[in-house]
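> build the 3D model from these lines:
(one chain, ligands or ions: 1)
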Amino acid sequence: MEIKLCCCNPKCDKALLVEVNRPPQFGFELAGLANDVGWIGIIDMGKHITAVYCCEACLKTGKFTKNHIIMTKQTPETQATNSDGENDLSMNEKSIYHYLQKNTEFVSPSVIGRDLMPDYNLSSPSAWASPICKRLVKKGYLLRNERGHYKSIMGVKQLGY
Ligand SMILES: [Zn+2]
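You can find the predicted model right below:
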C-alpha cells in the first residue's frame, strides 16, 4: 500500500508517497519511516507528538500540523478495519482510551477505575480496569510501565487517518 507523508510545517505543502507493507501503528514507526526516506521524523515525548518534516528548515519552524500522513491506497481488508481507527474497541476500552488521552502521565488502574466508574462504587476499581488496559496494550493503544500504570500512545492512530 502507499501512504503519503505530509510535511508538518503548516506553510509547507511538500508530500511524499511511500510504499509500505502496513500503515505505521506507532509514533516511532512513523518517525523511523520518515528518516528512512530522507525526511526528518521527531518524537516529542513531552508533548506526545510525532512529527515529520521534509527538511531542516521546516523542522526549525517548530510549527506543527496534524496532517502528516494520509492513506492513499488501501486493500479492502485494511479498509474494513481502518475506516474508523477505533472500530475494534469495546465501549469500556474506548472510555479508558479517551480518558487516558487527557492525561500526560501514567495512571494506575485503580485511579482509572475510580474516575470512570464512580457510580459503581467498585470494591476494586483496579480489577475492573486492569484487564481492559491490558487488552488496549495488546491492541497498540496504551503503554504500560513497570509499575503497571498506563498511558495512551499518542501515535498516528490518534490523528484520525
Ligand atoms: Zn516542509
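
> helices or strands up against the longest helix anywhere in the chain?
In the chain, with assignment by DSSP state H, the single longest helix is helix 125-138. Packed against helix 125-138 by the contact rule (3 or more CB pairs under 8 Å, 6 or more residues apart in numbering; DSSP states H and E) you find helix 91-101, helix 109-116, strand 142-144, strand 150-152. (Each C-beta comes from the backbone N, C-alpha and C, glycine too.)

> touching the longest one from outside, list them.
I take that to be helix 91-101. Residues outside helix 91-101 that contact it (CB atoms under 8 Å, 6 or more residues apart in numbering): 86, 89, 107, 112, 115-116, 129, 132-133, 135-136, 139, 141-142, 150-152, 154, 158.

> check the gap between the residue sitting furthest away from the middle of the chain and the ion for me.
Distance from the centre of the chain peaks at residue 123, with 31.7 Å (CA atoms, centre = their mean). According to CB to the ion, to the nearest Å, residue 123 stands 54 Å off from the ion.

> per-residue pLDDT of that residue, please?
With respect to pLDDT, residue 123 has a value of 80.

> doesn't it belong to a helix?
No: counting by DSSP: H, G, I helix; E, B strand; the rest coil, one finds residue 123 to be coil, located in no helix.

> who in the protein is up against the ion?
7, 9, 12, 14, 54, 58 (CB under 5 Å from the ion).

> among those residues, which are located in helices?
Using DSSP H, those in helices are residue 58.

> dump the residues of the chain next to the ion into a markdown table; add neighbour count as well.
Shown next, in a markdown table, are those (neighbours: other CB atoms under 10 Å):
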| residue | neighbour count |
| --- | --- |
| 7 | 26 |
| 9 | 23 |
| 12 | 17 |
| 14 | 13 |
| 54 | 21 |
| 58 | 21 |
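
> now, which of the residues of the chain next to the ion sits nearest residue 64?
Of all these, residue 64 sits closest to residue 9, with 8.1 Å by CB to CB.

> next up, identify which helix or strand residue 42 is on.
strand 40-44 (DSSP states H and E).

> now, of the contacts of helix 91-101, which are buried?
Buried subset of the contacts of helix 91-101 (neighbour count, 16 or more other CB atoms under 10 Å): 89, 107, 112, 116, 129, 132-133, 135-136, 141-142, 150-152, 154, 158.

> quick check: residue 8 touching residue 52?
Yes: contact criterion CB atoms under 8 Å: residue 8 and residue 52 qualify, at 5.9 Å.
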